Structure formats: structure tokens, C-alpha cells
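Chemist: structure, please.
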Amino acid sequence: MRIVTPEALGAVLRALPGRPRAVASGNLATPLALLEVLDREVPEFSLCMLNAQPGIPTREGVVLETSFVGPAMRGRANLAYVPSRLSLVPLLFTTTLVPDVVLLHTSVPEAGTVSLGTEVNILPAAVEAVRARGGVVVAQLNRRMPYTYGDGQLPLESIDYGLEVHAPLAACPALAPDDVARGIGERVASLVSDGATLQLGIGSVPDATLQALSVRRGLRVWSEMFSDGVLALDRAGALDPDAVITSSFLFGSPELYEWVDHNRRVRVLRTEKTNDPGSIARQRGMASVNGALQVDLFAQANASRIATRIYSGFGGQTDFIVGALHSPGGQALIALRSWHPKADCSTIVPLVDEPVTSFQHSAVVTEHGVAPIWGHTQQVQARHLIERAAHPDVREELEEEAVALGLA
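Modeler: Got it, this is the predicted structure:
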């Protein structure tokens with residue numbers, strides 16, 4: 001690896017062929033300094049990231065590619081959404097999304113390596129793909145990036161250029177859950193036993209669920225991502241002290257980043273491993289908890305689109321639902337508010353109009369109750385959703401729709 005100035009890096013990026021494709025660290029590990037140089041020096045390029053945050057180039061001439069839409073790309077006219085299960089995104093780098101340059105946000109060198117720190121995810125596959133075709137790998141070296149163990153430990157020889165930029169990492173402090181989120185979290189937690197393995201995302205409902213799980217013991221974590229809630233579980237003594245915490249990325253508070261730095265109990269692995277349904281199925285008592293925008297009376301969940309417009313994407317939901325259902329004692333739970341506060345409408349609907357993200361869950365949980373799904377007839381599923389999950393104001397209407405749909 002050669003340490004360069006922004007000006008020298010600019011010359012490297014200007015030499016990229018044609019309209020290059022850049023794959024960059026996503027989520028809260030965005031290599032902003034590298035993207036600034038790319039944006040300044042290359043008139044047209046494709047930028048491939050997952051869950052891109054504000055601050056990335058979005059101007060005309062930049063094609064925004066992703067399989068999981070973040071706030072910086074959502075609603076953009078130049079968005080190129082590529083539907084894919086997260087576990088399969090790495091394959092795209094050898095087929096339809098072949099990169100010319102990979103832009104990483106890493107720790108500073110240590111023992112001949114750097115660490116991808118908080119964001120491993122799809123990046124090892126991107127590095128392998130770009131090196132196989134003679135492309136360029138650039139690292140934004142940051143002493144503030146925690147050194148994490150696992151698949152994000154890259155030898156220096158796998159990186160061509162390094163730009164030293166020491167800046168605080170973007171943080172996402174947890175917000176206190178409201179009464180509705182706490183109600184949902186408590187109901188979800190009641191379904192999870194001591195010794196279970198957890199997969200949860202980020203947000204008020206997952207945070208409330210993790211808070212409610214603090215009284216459990218022997219819990220394990222095998223997840224696509226985790227945040228401060230896992231740190232809180234550890235401090236409460238709820239986690240199995242002998243089990244490794246496994247994830248493919250993380251984000252949260254500066255306190256979380258300090259905790260994971262050189263923490264041997266944390267392993268941050270590539271997406272092909274964490275999201276492999278077979279590996280998920282081998283986890284004991286896998287409890288997969290995911291959200292949704294809507295669930296219909298056929299128990300189909302839409303977690304990706306609003307009025308046919310892409311909002312996020314499949315993410316890892318499909319991977320974890322399949323894996324959890326095959327885990328001994330596992331369960332795949334959909335947890336959501338019964339009423340959408342912004343759209344002012346029920347989230348339990350007769351039939352989703354948008355493409356379905358997932359189906360065949362173990363149960364659907366709202367603040368009103370738990371609706372068991374798997375193992376019941378479609379008529380019983382619908383009745384459970386109406387009577388135990390839907391908001392009381394829409395239950396009569398849903399009952400009428402259930403008759404029309406042949407579900408009653």
C-alpha cells in the first residue's frame with residue numbers, strides 16, 4: 001500500500017477507464033474523503049453502496065447503484081436499484097456490477113493489516129473482484145475506525161493506495177422507545193427464551209425488544225448488524241460470555257465503537273457468511289425479528305416499497321426468515337406498529353399492492369398482540385391477524401375483506 005495525497009489520488013482516479021464503477025463502504029462507514037476526490041476528478045461514474053447516507057455525490061453524471069436504498073439515494077432520479085437478497089449481492093461483483101475501483105474506510109495499519117472495522121458486509125467480495133480484473137483498491141485510513149476481527153482484516157498488499165484522514169465516525173445514538181414500541185418489544189421478548197440466538201435490526205422496536213430481553217440469560221447474537229442494544233445486553237449479563245457475537249456490520253454510538261475495538265468476542269464477517277440461510281439455520285433457537293411497512297391477510301409482508309416506489313430493498317430479511325424457520329427451535333417474527341403514524345393508516349391490510357418482500361413467518365407482532373402464522377390454515381392466519389394484530393378501528397373492515405378474499 002502506498003500512502004498518497006488527495007492530489008496524487010486524483011491522478012489515479014482520473015486514469016480509470018471510461019465511466020468507471022466504484023464500490024464504496026456504506027452505512028455509517030462512508031469514506032467521504034475518497035468520494036470527494038472521486039467526485040471532483042471523474043466527470044461520470046457509477047457509485048455502488050448499501051444504505052448510503054447523506055454526503056455522497058448525487059449530481060448529474062453519477063449513477064447511484066444499490067440493492068438496499070439508504071436516505072442519500074432514496075427517491076433520486078439517477079437511482080439504479082438492483083433487487084437482490086443481501087447474501088447474493090457479492091455475486092453481482094463478478095457478473096453485472098463488476099467494479100473498477102473499491103473505496104474503503106479502514107483502521108490504520110496494524111501488524112501488516114488494516115481492518116474494515118464497522119463495515120465488512122459486501123466489501124471483501126468487492127475487493128476480490130476488482131483485484132481479479134486489475135482494478136484499484138483505495139483505503140481511507142482513520143485512527144478513529146475501530147479494529148475488529150474477522151473477514152475485514154485485510155493485508156496491506158491487497159490495497160493499492162491509502163489516504164490518511166483521521167476524523168470521528170458518524171454515529172447513530174439510540175432514541176428512547178415510545179409506549180407503542182415498548183409494547184411491541186415486550187411482546188416480542190416474551191417469545192424469546194433463554195439461550196436463543198438473536199437477529200435484530202436498528203430502530204425503536206428492535207431497541208425496545210433488546211431492552212426487554214435484558215432479563216434473559218445465555219443469549220447469542222448472529223445478525224446482519226447490531227447496535228448499542230447488544231452492548232446493553234452484555235452489560236446486563238444477558239449474553240452468553242463464551243459465545244462470539246457475529247455480524248457483518250454495526251453502527252451506533254461512539255461508546256459502541258470503543259467497545260468493539262480489539263474486542264475478541266466480536267467477529268465481523270462477510271455477508272456471504274452471516275446471511276447464508278444454511279449457516280443461520282445452524283444457530284440454536286434462532287429468533288429473527290424484522291420489520292415491515294405492511295402485512296396482508298395472507299401474511300405477506302411488504303418491507304421494501306411504498307406505492308410501487310422502492311423505499312429500501314430486500315436486505316437480509318429473506319435470508320434470515322428462511323434460516324430461522326429451519327433452525328431447531330427457531331422462529332421468524334415480523335414486528336410492526338398496527339397503525340402507520342405518518343401515513344395515518346393501518347399496517348395490516350387486506351392485500352398488499354406492492355411486491356411482496358417476505359412471507360411464511362412464524363408470527364406477526366404489534367402492540368395489540370401476537371398473531372401466530374406458521375402451521376395454521378390461511379383462514380386461521382387471517383383471523384389471528386385481524387383479532388390479535390390489527391388496530392381495533394379497522395378490524396370490522398378487515399373481517400369484511402377476509403370474506404371477499406375467501407379467508408373467512
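
Chemist: gap between Ser253 and Arg21?
Modeler: Distance of Ser253 to Arg21, computed by CB to CB, to the nearest Å: 33 Å. Placement of C-beta: from N, CA and C, glycine included.

Chemist: the more surrounded of those two?
Modeler: Neighbour count, other CB atoms under 10 Å: between Ser253 and Arg21, Arg21 has more, with 21 against 16.

Chemist: would you list every one of the helices in the chain?
Modeler: For the chain, the helices defined by DSSP state H occupy 6-14, 32-41, 89-92, 123-132, 179-190, 204-212, 228-235, 254-260, 271-274, 277-281, 317-326, 378-384, 395-404.

Chemist: so can I have CSV of the ones you listed showing distance to Ala307, mean pLDDT and mean neighbour count?
Modeler: Listed next are those as CSV, based on distance: least, CB to CB, whole Å; pLDDT from 0 to 100; neighbours: other CB atoms under 10 Å:
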stretch, distance to Ala307, mean pLDDT, mean neighbour count
helix 6-14, 38, 98, 15
helix 32-41, 31, 98, 20
helix 89-92, 25, 97, 21
helix 123-132, 32, 98, 21
helix 179-190, 24, 96, 20
helix 204-212, 23, 92, 24
helix 228-235, 31, 95, 20
helix 254-260, 35, 97, 18
helix 271-274, 29, 97, 23
helix 277-281, 30, 98, 18
helix 317-326, 20, 96, 24
helix 378-384, 24, 98, 19
helix 395-404, 19, 98, 15
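
Chemist: can you tell me which of those is nearest to Arg76?
Modeler: helix 32-41 (15.0 Å; CB to CB).

Chemist: and that closest one, how far from the chain's centre?
Modeler: Here the centre of helix 32-41 is set off from its chain's centre by 25 Å, with CA atoms, centre = their mean, to the nearest Å.

Chemist: repeat for stretch 236-245
Modeler: 22 Å.

Chemist: roughly how far apart are Val180 and Asp207?
Modeler: On the measure of CB to CB, Val180 and Asp207 end up 13 Å apart.

Chemist: and if you look at Val37?
Modeler: Applying CB to CB to Val37 and Asp207 gives a distance of 36 Å.

Chemist: please apply the same query to Asp100.
Modeler: 39 Å.

Chemist: ok, which of the helices of the chain comes nearest Gln294?
Modeler: Checked against CB to CB, the stretch from the helices of the chain lying closest is helix 395-404, at 12.5 Å.

Chemist: can you name the residues in contact with the closest one?
Modeler: 297, 346, 348, 350-351, 382-383, 385-387, 390, 408 (CB atoms under 8 Å, 6 or more residues apart in numbering).

Chemist: could you flag which of those residues are buried?
Modeler: 297, 346, 348, 350, 382-383, 385-386, 390 (16 or more other CB atoms under 10 Å).

Chemist: could I get the residues you listed as a markdown table with distance to His262?
Modeler: Putting these into a markdown table (distance: CB to CB, whole Å) gives the following:
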| residue | distance to His262 |
| --- | --- |
| Leu297 | 50 |
| Ser346 | 47 |
| Ile348 | 46 |
| Pro350 | 52 |
| Ala382 | 51 |
| Arg383 | 52 |
| Leu385 | 46 |
| Ile386 | 51 |
| Ala390 | 48 |
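
Chemist: which among these gets closest to Asp228?
Modeler: Once CB to CB is applied, the member of those that ends up nearest Asp228 is Ile348, at 30.1 Å.

Chemist: wait, that closest one touches Asp393, no?
Modeler: No: between Ile348 and Asp393 there is no contact under CB atoms under 8 Å: 11.0 Å.

Chemist: tell me how many other residues surround Thr106.
Modeler: 27.

Chemist: that one pairs with what?
Modeler: Leu141 (DSSP bridges).

Chemist: wait, what's in contact with it?
Modeler: Contacts of Thr106 by CB under 8 Å, 6+ apart are 114-117, 139-142, 145, 154, 159.

Chemist: ranking these by neighbours, who comes first?
Modeler: Ala139 (31 neighbours).

Chemist: which residues sit against the helix or strand of the chain with the lowest mean pLDDT?
Modeler: Scoring the helices and strands of the chain by mean pLDDT, DSSP states H and E places strand 305-306 at the bottom, with a mean of 88. Residues outside strand 305-306 that contact it (CB under 8 Å, 6+ apart): 293, 311, 354-355.

Chemist: what subset of the residues you listed is buried?
Modeler: If we count by 16+ other CB under 10 Å, the contacts of strand 305-306 have these buried: 293, 354.

Chemist: so Lys273 versus Val230, what's the distance?
Modeler: When Lys273 is compared with Val230 (using CB to CB), they lie 18 Å apart.

Chemist: and the pLDDT for Ala307?
Modeler: What the model reports as pLDDT for Ala307 is 82.

Chemist: with adjacent residues omitted, what lies nearest to it?
Modeler: By the measure of CB to CB, 6 or more residues apart in numbering, the closest residue to Ala307 outside its immediate chain neighbours is Glu354, 7.3 Å from it.

Chemist: contacting residues around that neighbour?
Modeler: Glu354 touches 294, 302, 304-308, counting by CB under 8 Å, 6+ apart.

Chemist: distance of Ser84 relative to Thr318?
Modeler: Distance from Ser84 to Thr318, by CB to CB: 10 Å.

Chemist: kindly report the same for Ala208.
Modeler: 24 Å.

Chemist: can you get me a residue count around Tyr147?
Modeler: Based on other CB under 10 Å, the number of other residues close to Tyr147 is 21.

Chemist: can you pull out the strands in the stretch 301-408 of the chain?
Modeler: Under the criterion DSSP state E, counting those that start in this stretch, strands of the stretch 301-408 of the chain are mapped to 301-302, 305-306, 309-310, 331-335, 339-340, 345-346, 348-349, 363-366, 369-372.

Chemist: now render the ones you listed as CSV, adding distance to Glu401.
Modeler: Shown next, in CSV, are those (distance: least, CB to CB, whole Å):
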stretch, distance to Glu401
strand 301-302, 16
strand 305-306, 21
strand 309-310, 24
strand 331-335, 19
strand 339-340, 17
strand 345-346, 11
strand 348-349, 8
strand 363-366, 17
strand 369-372, 16
